[in-house]
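In: With the input below, show me the fold.
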Amino acid sequence: MFFLMGTWVESKAQDPQFSQFYAAPLYLNPGFAGTTPYIRAGANFRSQWPSLDANFTTYSFYIDYFAEQYNSGLGLLITTDKEGLANLTSTSVGLQYAYELQINDRLTFRPGIQAAYVLRDINFNRLTFGDQFDETGFISPITAEQFNTGENVGFVDFSFGGLLFSRNFWFGVAAHHLNTPNQSLVDGNSELPIKYSVHSGYRFPLPTNAGRGYNSDGRERSITPNFQYKRQGEFDQLEIGTYLTFEPIVFGMWYRGIPIQEEFEGFNDKESLIFLVGLSTGNLNIGYSFDYTISELDIASGGAHEVSISYRFPPDPRRPPRNVRQIPCPKF
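Out: All right, here's what the predicted structure looks like:
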């Protein structure tokens, strides 16, 4: 999460995030839907600040496919996020569509859209209110606050994204929650702010005996610096780092935060260092990353652990896929 501030009445929580953002391509940008000539499926798990009561747990699953006869990518994305002691839970189910447009011999553009339905609920019984405390500090199990604990809140959510890429370069933009839906769990209005993101990178092939970028077995050898910038409401965040791809092993390291930015309401945006190791074997990719917290929470928070897995299903040998243009961004 960027941060969780305020109370349950006026939530300022931001979207869940993944450190392995390219291992969650449909979550990052709808333009990624169907970016391989195969059926692709993947899952992500993230546990942030596990040593604190105010922790976050996020699960995500996606599957996508490229329909080459229509130059179109189709995707399904399911994400569940749980926050804190009261188990504030948000579950999103989204459908995505992207169109692949070849601008010229080198450049390809893929605009994409997502329509999702989001369901949110919270366990009010796990919250404590001011009228439950007396002068001795005793906590009474009874409160005058009344809530409809059996009701959920649901809303429709729309997002848009686009990708421009060549053989070694990519640039993407995305805007999530374009309709700023009301996510309040009680009476009133609590709009979910639009999240804007920009992500880009360049793959530098390394020299090999078989040519630049790949060895004689076709395994990639490259260095890929990249960044992602996000802004949602009053919060923003930058992730900048690089991948070293030496297939079947991939290493990555990023810095998350904006060093020159002043504190906002007591929060320092110098958040963490991120370390990644991934295994890429044919159609299967497995990654693990750890966020080393460098903010005021420090490493006593437990940092964040993240695991990703994706698989590209082999095509029907009777109908091999065409040689579609591949986005050069990493798999993790």
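In: Return the set of residues that bridge with Gln228.
Out: Residues in a beta bridge with Gln228, per DSSP bridges, are His199, Glu239.
In: and the gap between it and Asp236?
Out: Counting by Cβ to Cβ, to the nearest Å, the gap from Gln228 to Asp236 is 11 Å. Glycine gets a C-beta too; all of them are placed from N, C-alpha and C.
In: Can you show me the strands along the stretch 51-200 of the chain?
Out: 56-67, 72-83, 88-99, 101-102, 108-121, 153-165, 169-176, 195-202 (DSSP state E, counting those that start in this stretch).
In: Quick check: Phe32 touching Glu100?
Out: No. Using Cβ atoms under 8 Å, Phe32 is not in contact with Glu100, being 11.2 Å away.
In: shared neighbours of those two, anything?
Out: 73, 110 (Cβ atoms under 8 Å, 6 or more residues apart in numbering).
In: Between those two, which has more neighbouring residues?
Out: More crowded of Phe32 and Glu100, by other Cβ atoms under 10 Å: Phe32, with 28 against 23.
In: separation between the more buried one and Phe251?
Out: In terms of Cβ to Cβ, Phe32 sits 23 Å off from Phe251.
In: Check Tyr59 too.
Out: 25 Å.
In: hang on, the earlier thing: comparing Gln228 and Asp236, which residue is more hemmed in?
Out: Applying other Cβ under 10 Å to Gln228 and Asp236 shows that Gln228 carries more neighbours, namely 21 against 15.
In: For the strands of the stretch 51-200 of the chain, could you give me CSV that also reports mean pLDDT and mean neighbour count?
Out: Below are the strands of the stretch 51-200 of the chain laid out as CSV (pLDDT from 0 to 100; neighbours: other Cβ atoms under 10 Å):
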stretch, mean pLDDT, mean neighbour count
strand 56-67, 95, 19
strand 72-83, 95, 20
strand 88-99, 95, 19
strand 101-102, 93, 12
strand 108-121, 96, 19
strand 153-165, 96, 19
strand 169-176, 98, 20
strand 195-202, 97, 19
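In: Quick one: closest of those strands to Asp291.
Out: Among the strands of the stretch 51-200 of the chain, the nearest to Asp291 by Cβ to Cβ is strand 56-67 (11.5 Å).
In: quick one, that closest one and strand 88-99 angle?
Out: 20 degrees (axes from the mean of the first three to the mean of the last three Cα atoms, to 10 degrees).
In: partners of strand 56-67 in the sheet?
Out: strand 39-48 (antiparallel), strand 72-83 (antiparallel).
In: so how far is that strand off the chain centroid?
Out: 10 Å (Cα atoms, centre = their mean, to the nearest Å).
In: In a markdown table, list the strands paired with strand 56-67 along with distance to Ser19.
Out: Output for the strands paired with strand 56-67, formatted as a markdown table (distance: least, Cβ to Cβ, whole Å):
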| stretch | distance to Ser19 |
| --- | --- |
| strand 39-48 | 8 |
| strand 72-83 | 15 |
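In: Quick check: which of these is nearest to Arg212?
Out: strand 39-48 (26.7 Å).
In: Now do the buried residues in that closest one.
Out: Using 16 or more other Cβ atoms under 10 Å as the test for burial, strand 39-48 gives 40-44, 46, 48.
In: ok so, going back, who wins for proximity to Asn182 among the strands paired with strand 56-67?
Out: Among those, strand 72-83 sits nearest to Asn182 (Cβ to Cβ), with 17.9 Å.
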